[in-house]
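Student: Here's my sequence, what's the structure:
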Amino acid sequence: MAIRRNGLWGVLAVVAGALWLGLTLGVFPPGLADVIVRGGLPAVLIAVGLGALLRGRLPFSGAIALVLTGAVVVNVALVAYSSRAGEARTDQRVPVNVPLDADVTLVTIDLGTLATDVQITLDETVGRAVVGEFVGSTESLLTADVQAAGALATLTLREVQPNAIQRLEAVGRGVLTLRVPAGVGLDLALQAAQGTVVLNLDGAQLERLNLDLLRGDAIVTLPSYQPQSASQADAPANGTLIVRDGGITISVPDDVGARFELDRAGSALLPQYDERVYNYLVGDVLESRDYDAEAVKLRYAVIAPRGQIRITETVR
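Tutor: Down below sits the predicted model:
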């Protein structure tokens, strides 16, 4: 009688030994090591159980058991990470304090975030500085770079994750708050992967605003301010507001003429607005009824293919 051999045990022994050696020597990144430690024993038990159930019933039962085990482990890991992704993390606090020289008249803020809620407000109490705080996971780092050249200062802030695989207990979203000074021109560009973005810019000298939010909702309060920079004098728009998967609410002062060129990508969600204040023009354009008569005129492109666009009024 031929002896039937099952190579599953040998494969498991080799893999387990290699992983154990890698963990001992610190070869694996912290996030991957965390996954291996958490999922190693359950994966072995699943593989052994599937191998016993499939032996003699299917050809290549050992290989099938390993493939099925890998699929189960990967899917369970994805569910575990997804369930924690929405949890707010307070593991670290990183202050932001960028003073501006007396001759700076325009500050450009170039901001990039990941799974982080962003709140930017005008604050007359901060003097000539951009201040704030990042609160989030230790798996996220906030890098800052400041460049100054005469009347122009550029602040570049980036949230980065050094580890491709995060430790499970550190997974979660953060919060970044920034307070910008009054009396200084502001050019704001924000690229956000996920979260809620609140831009309360009422009272700011907002020269330009560009927002690109991948997933989440945005609330934007515009100021009663006519951009003065030469680059904006003849520009087709004062900026572009993009929310790719979510809704956007834009609040406009009642003494401002506003024109919003919408791109809803065929969405059935019609924009919400006050028909007494805005005309809905051909080409998916919302324009203030008194646009031509107002001293302050703002023009923005608004792109929201999967969410509600709301235009509200800030009453003075």
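Student: Now do the same contact list for Thr312.
Tutor: 249-252, 274 (C-beta atoms under 8 Å, 6 or more residues apart in numbering). From N, CA and C alone the C-beta is placed, and that goes for glycine too.
Student: let's see it at 10 Å
Tutor: Applying C-beta atoms under 10 Å, 6 or more residues apart in numbering to Thr312 gives the contacts 219, 221, 249-252, 272-274, 277.
Student: By neighbours, which of those residues wins?
Tutor: Per-residue neighbour counts (other C-beta atoms under 10 Å) across the contacts of Thr312 peak at Val252, which has 25 neighbours.
Student: Help me confirm that that one comes into contact with Leu222.
Tutor: Yes. Here Val252 lies in contact with Leu222, judged by C-beta atoms under 10 Å, at a distance of 5.4 Å.
Student: shared neighbours, these two?
Tutor: Any residue near both Val252 and Leu222 by C-beta under 10 Å, 6+ apart counts here, and that gives 258, 296, 298, 300, 314.
Student: Format those residues as CSV; extra columns: pLDDT.
Tutor: Converted to CSV, the shared contacts of Val252 and Leu222 look like this (pLDDT from 0 to 100):
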residue, pLDDT
Ala258, 96
Val296, 93
Leu298, 94
Tyr300, 96
Thr314, 84
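Student: Tell me the span between the first and last residue of stretch 134-146.
Tutor: End-to-end distance of stretch 134-146 (C-alpha to C-alpha, to the nearest Å): 17 Å.
Student: Count the neighbours of Leu270 for me.
Tutor: When counting by other C-beta under 10 Å, one arrives at 12 neighbours for Leu270.
Student: Let me know the distance separating it from Pro162.
Tutor: Distance, Leu270 to Pro162, using C-beta to C-beta, to the nearest Å: 44 Å.
Student: again, but for Gly307
Tutor: Taking C-beta to C-beta, one finds Gly307 at 32 Å from Pro162.
Student: what about these two, which has more around it?
Tutor: Gly307 (20 against 11).
Student: in the protein, which ranges drop under the pLDDT threshold?
Tutor: 1-66, 68-86, 164-171, 230-236, 316 (pLDDT under 70).
Student: Please parse it into its domains.
Tutor: Here the domain assignment for the chain is 8-85, 92-314, based on automatic domain parsing.
Student: Could you report the neighbour count for Gln241?
Tutor: That one is not Gln; residue 241 is Leu. Leu241 has 25 neighbouring residues, counting by other C-beta under 10 Å.
Student: I figured it hits Tyr300, correct?
Tutor: Yes. At 5.7 Å, Leu241 counts as touching Tyr300 under the criterion of C-beta under 10 Å.
Student: residues shared between the contacts of these two?
Tutor: Shared contacts of Leu241 and Tyr300 (C-beta under 10 Å, 6+ apart): 209-211, 220, 222, 250, 260.
Student: Turn the residues you listed into JSON lines, columns for secondary structure.
Tutor: Formatted as JSON lines, the shared contacts of Leu241 and Tyr300 follow (DSSP: H, G, I helix; E, B strand; the rest coil):
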{"residue": "Leu209", "secondary structure": "strand"}
{"residue": "Asn210", "secondary structure": "strand"}
{"residue": "Leu211", "secondary structure": "strand"}
{"residue": "Val220", "secondary structure": "strand"}
{"residue": "Leu222", "secondary structure": "coil"}
{"residue": "Ile250", "secondary structure": "strand"}
{"residue": "Phe260", "secondary structure": "strand"}
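Student: with those residues in mind, which one is nearest to Leu114?
Tutor: Set against Leu114, the nearest of the shared contacts of Leu241 and Tyr300 by C-beta to C-beta is Leu211 (15.6 Å).
Student: distance of the closest one from Ile242?
Tutor: Distance from Leu211 to Ile242, by C-beta to C-beta: 6 Å.
Student: Counting neighbours, go ahead and name the busier of these two.
Tutor: Per other C-beta under 10 Å, whichever of Leu211 and Ile242 has more neighbours is Leu211, with 24 against 18.
Student: For beta bridges, what are the partners of that one?
Tutor: Leu190, Leu241 (DSSP bridges).
Student: check contacts around it.
Tutor: 111, 118, 188-192, 197, 199, 218, 220, 239-243, 248, 300, 302-303.
Student: Give me the buried entries from those residues.
Tutor: 111, 118, 188-190, 192, 197, 199, 218, 220, 239-243, 248, 300, 302-303 (16 or more other C-beta atoms under 10 Å).
Student: Paired strands for the biggest strand by length in the chain, with orientation please.
Tutor: Ordering each strand of the chain by length in residues (DSSP state E) puts strand 106-122 first. Looking at strand 106-122 with DSSP bridges, its partner strands are strand 152-160 (parallel), strand 174-180 (parallel), strand 185-194 (parallel), strand 197-200 (parallel).
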